[in-house]
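Peer 1: attaching a predicted model along with its sequence, questions to come.
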Amino acid sequence: MAIFMPDNSHDLQQLATDIKTWGLELGFQQIAITDIDLDTAGEKLRRWLDRGYQGGMNWMAEHGEKRWQPSRLLPGTVRIITARMDYLPPDTSLIAVLRNSNKAYISRYALGRDYHRLVRKRLAVLSKKIEARVQGSVIQRPFVDSAPVLEKPLAEKAGQGWMGKHTLILNSRAGSWFFLGEIYTSLPLPIDNSAQANQCGSCSACLSICPTRAFPAPYVLDARRCISYLTIEHSGPIPEGLRPLMGNRVFGCDDCQAVCPWNRFARATDEKDFRPRHGLADADLATLFNWSEEDFSARTAGSPIRRIGYQRWQRNLAVAMGNAADRGSAVQALKSRLPGSSELVREHILWALERQMLSPRDVPKRRNFPVQPAQTVGVLDTHQSISTTDIDKGA
Ligand code: B12
Ligand code: SF4
């Protein structure tokens with residue numbers, strides 16, 4: 001092979017093409033390259049933090065400029081190679097589980113193995129391939145959701161999709177069920193910067209469906225109200241007013257994606273590691289609530305669920321049991337877990353028991369997905385009453 005010249009534009013162009021080919025071979029759906037200018041996103045991030053929307057995620061405010069100035073995080077960085085990987089497992093009937101309040105709804109990204117490791121490993125292989133080509137004269141580092149990196153604005157700039165009103169990156173051919181990752185590099189590769197135009201148009205399905213009304217405005221999320229934050233990131237008691245709205249969502253939430261018409265174009269993942277394990281795709285609430293701490297440790301090994309620990313897991317399940325329709329078995333299971341439970345879990349169990357036993361009410365008050373009879377599209381069973389024709393594509 002000819003010697004690679006890092007200042008030769010032909011060599012860099014060829015390398016960029018090869019990186020994209022290697023990325024697809026490694027299981028990524030798209031690789032796109034961008035520069036490191038994140039000033040606009042950095043400004044928006046500061047406004048978001050000023051409003052306190054990060055809640056207890058203090059780490060979002062830490063590291064300051066490193067988050068929007070990539071060369072401060074990894075000195076020498078001039079380009080960012082962005083990647084996306086689909087994660088939606090095939091045959092997971094998410095709407096059916098959401099509708100059955102005796103089942104536990106776990107976000108589709110968390111049913112199998114932890115993506116952090118898988119995506120990072122693949123990026124590390126890609127990084128090594130690049131280093132082998134340029135014979136070591138390069139500074140590079142792969143990231144996946146674990147460092148102060150503004151992954152969405154980088155992906156958007158590079159051309160992976162546009163930021164939807166639900167604040168996730170959406171691609172017109174792939175929807176939004178994908179993870180993002182990136183490699184910071186000192187190689188002055190040619191940039192794509194082929195940003196997709198925003199195609200949300202007048203559709204606001206994601207904003208309306210949100211069970212906890214977590215969007216103060218389109219494109220802005222108040223994490224403190226988001227079920228994903230409440231069930232995964234938040235360590236203390238869940239605000240009482242939000243508990244009834246959480247329904248059976250015990251780890252993360254997918255509603256704003258499930259209802260999005262662009263997800264008709266999503267494809268199921270081929271990654272075996274993202275396939276559901278331990279029946280988590282449609283487990284009964286009571287079954288999961290009965291797991292001992294040892295069961296939890298054994299059955300969530302290698303899963304993103306492990307990260308929240310047993311206490312938060314039980315806290316989340318207790319809330320869902322309080323919202324479950326099968327009052328009899330919920331009350332029995334809740335009572336059985338009361339002895340020996342921690343203060344945090346105990347308080348949520350008592351709340352759930354009170355809700356199930358004392359208040360005469362119509363259990364459960366669930367938000368209904370706008371449903372039309374069977375018109376199975378893409379990989380989802382979201383028979384949504386909205387369609388892409390509702391989207392004002394010209395907007
Ligand atoms: C913090 C965080 C969260 C928080 C806050 C979410 C959020 N929207 O910021 C919580 C815990 C709630 C969360 C939830 C989820 N997350 Co998260 N999360 C992150 C993390 C670590 C940082 C995101 C961030 O920087 N937020 C800060 C705010 C400022 O960013 P922002 O919303 O993007 O803000 C922009 C807009 O507000 C916009 N803006 C502001 N005003 C205006 C006005 C207008 C007119 C416009 C156009 C724009 C605009 O500008 C801001 C800056 O770009 C990233 C990984 C990473 N390192 O980037 C993953 C990440 C965003 N999460 C991801 C996922 C999958 C999820 C969940 C789907 C998981 C789940 N099923 O439960 C949910 C989705 C909830 C949602 N609707 O966003 C993926 C998203 C992949 C994708 N397709 O986009 C990421 C990229 C992780 C990964 N590596 O794949 N997450
Ligand atoms: S993930 Fe759920 S709670 Fe969070 S913004 Fe989306 S719909 Fe709302």
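Peer 2: Yep, it's here. Residues are numbered from 1 along each chain as shown. Ligands and ions are numbered 1, 2, ... in the order given.

Peer 1: please count neighbours and contacts with C-alpha atoms only from this point.
Peer 2: Fine.

Peer 1: isn't L26 up against R122?
Peer 2: Yes - under the criterion of Cα atoms under 8 Å, L26 makes contact with R122 at 6.5 Å.

Peer 1: can you list the residues of the stretch 1-150 of the chain near ligand 1?
Peer 2: Where the stretch 1-150 of the chain comes near ligand 1, counting by Cα under 6 Å from any ligand atom, the residues are A41, K44, L45, W48, S107, V144, D145, P148, V149, L150.

Peer 1: now the first one. Nearest residue, chain neighbours left out?
Peer 2: In space, not counting the residues next to it along the chain, A41 is nearest to P153; the distance is 6.5 Å by Cα to Cα, 6 or more residues apart in numbering.

Peer 1: and the helix or strand hosting the one you found, anywhere near ligand 1?
Peer 2: Element membership for P153, per DSSP states H and E: helix 151-158. Yes - Helix 151-158 is in contact with ligand 1 by Cα under 6 Å from any ligand atom, via E151, K152, P153.

Peer 1: list the buried residues of the longest helix along the chain.
Peer 2: Identified as the longest helix of the chain according to DSSP state H is helix 115-134. Within helix 115-134, the residues scored as buried using 16 or more other Cα atoms under 10 Å are Y115, H116, V119, R120, R122, L123, A124, L126, S127, I130, V134.

Peer 1: for stretch 133-143, same thing?
Peer 2: V134, V138, I139, Q140, R141, P142, F143.

Peer 1: other residues contacting it?
Peer 2: 4-6, 74, 76-77, 120, 123-124, 127, 131, 149, 181-187 (Cα atoms under 8 Å, 6 or more residues apart in numbering).

Peer 1: report the residue spans of the stretch 51-200 of the chain with pLDDT below the cut-off.
Peer 2: Counting by pLDDT under 70, the stretch 51-200 of the chain shows no low-confidence range.

Peer 1: could you redo the last one with a cut-off of 80?
Peer 2: Applying pLDDT under 80 to the stretch 51-200 of the chain flags residues 91-92, 136.

Peer 1: OK, contacts around whichever residue of it sits closest to ligand 2?
Peer 2: At 6.4 Å from ligand 2, H166 is the closest residue in the stretch 51-200 of the chain, using Cα to the nearest ligand atom. When contacts are counted by Cα under 8 Å, 6+ apart, H166 touches C206, L207, F215, P218, Y219, V220, L221, C256, Q257.

Peer 1: from ligand 1, how far out is it?
Peer 2: 5 Å (Cα to the nearest ligand atom, to the nearest Å).

Peer 1: could you do Q160 as well?
Peer 2: Q160 sits 9 Å away from ligand 1, going by Cα to the nearest ligand atom.
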